[in-house]
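Student: compute the structure for the input listed below.
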Amino acid sequence: MKQTLILLLFFSFSPLASDIKYSFGYGALTSGVGARLSVTEGQNTAFISTGCWNVFAESLEGNACGGTFGLQSSYLFPGNNHTFGLAYGNLDYEVDPVTGADSTIYGVSINYSYFMNGMGESGAWIGAGYGNGSGDYKDISEVFLNIGYQF
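Tutor: So this is what the prediction gives:
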């Protein structure tokens, strides 16, 4: 029920949304290695994503996967290739020192991205960001890379 409500709120961002895109990539914009769904209206994009940071572990049975939601805008820059955004979600993972179980660290990130063909168009994107979050056993405050392809 909670996920349905979040999806309804996301798609109500604009009833006449001009562009819905799917992306795959790595970084805070895709929740680690993951997928992203975005809706673009003018100079703004709202997105949700799901992914995992711990993809090279022997098992993904833990909670090392998660989701992210956020907004990006090209308002501060000429054209729509450069974007600046804010997101909340899956930033990293931690391992319980006693049980060895993975758990997700959630936090806030600010992101800059360059969309090769424009924010609402198909093509590659690359960028960087800064994230800050805390878990039960580990706190993070780090710069990271965002890279992906939008369909």
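
Student: which SSE is immediately downstream of the lowest-mean-pLDDT helix or strand in the chain?
Tutor: Least confident helix or strand, the chain: helix 2-11 with a mean of 45, by mean pLDDT, DSSP states H and E. Toward the C-terminus, helix 2-11 is succeeded by strand 19-27 as the next helix or strand (DSSP states H and E).

Student: may I have the strands that pair with the host helix or strand of residue 140, each with its orientation?
Tutor: For residue 140, the element it lies in under DSSP H and E is strand 139-150. Note on strand 139-150: by DSSP bridges, its sheet partners are strand 19-27 (antiparallel), strand 123-134 (antiparallel).

Student: any idea which of those scores lowest on pLDDT?
Tutor: Ranked by mean pLDDT, the strands paired with strand 139-150 end with strand 19-27 at the bottom, a mean of 91.

Student: and the next element down the chain from that strand?
Tutor: strand 32-41.

Student: what number of residues are in the vicinity of residue 86?
Tutor: 13 (other Cβ atoms under 10 Å). Backbone N, C-alpha and C define where each C-beta goes, glycine included.

Student: wait, I meant residue 20
Tutor: Look at residue 20: counted by other Cβ under 10 Å, it has 11 neighbours.

Student: count the neighbours of the closest residue to it other than its chain neighbours for me.
Tutor: Of all residues not flanking residue 20 in the chain, residue 39 sits nearest, at 5.4 Å (Cβ to Cβ, 6 or more residues apart in numbering). Other residues near residue 39 number 20, with proximity taken as other Cβ under 10 Å.

Student: hmm, what's the outermost residue in the chain?
Tutor: Most distant residue from the mean C-alpha position of the chain: residue 98, 29.8 Å away (Cα atoms, centre = their mean).

Student: one step back: my guess is the residue nearest to residue 20 contacts residue 45, does it?
Tutor: Yes - here residue 39 lies in contact with residue 45, judged by Cβ atoms under 8 Å, at a distance of 6.8 Å.

Student: just the pLDDT for the residue most central in space within the chain.
Tutor: Centroid-nearest residue in the chain: residue 29, 2.3 Å away (criterion: Cα atoms, centre = their mean). Here, the pLDDT recorded for residue 29 equals 89.

Student: picking that back up, bridging residues for the residue nearest to residue 20?
Tutor: residue 20, residue 46.

Student: for residue 124, same thing?
Tutor: residue 149.
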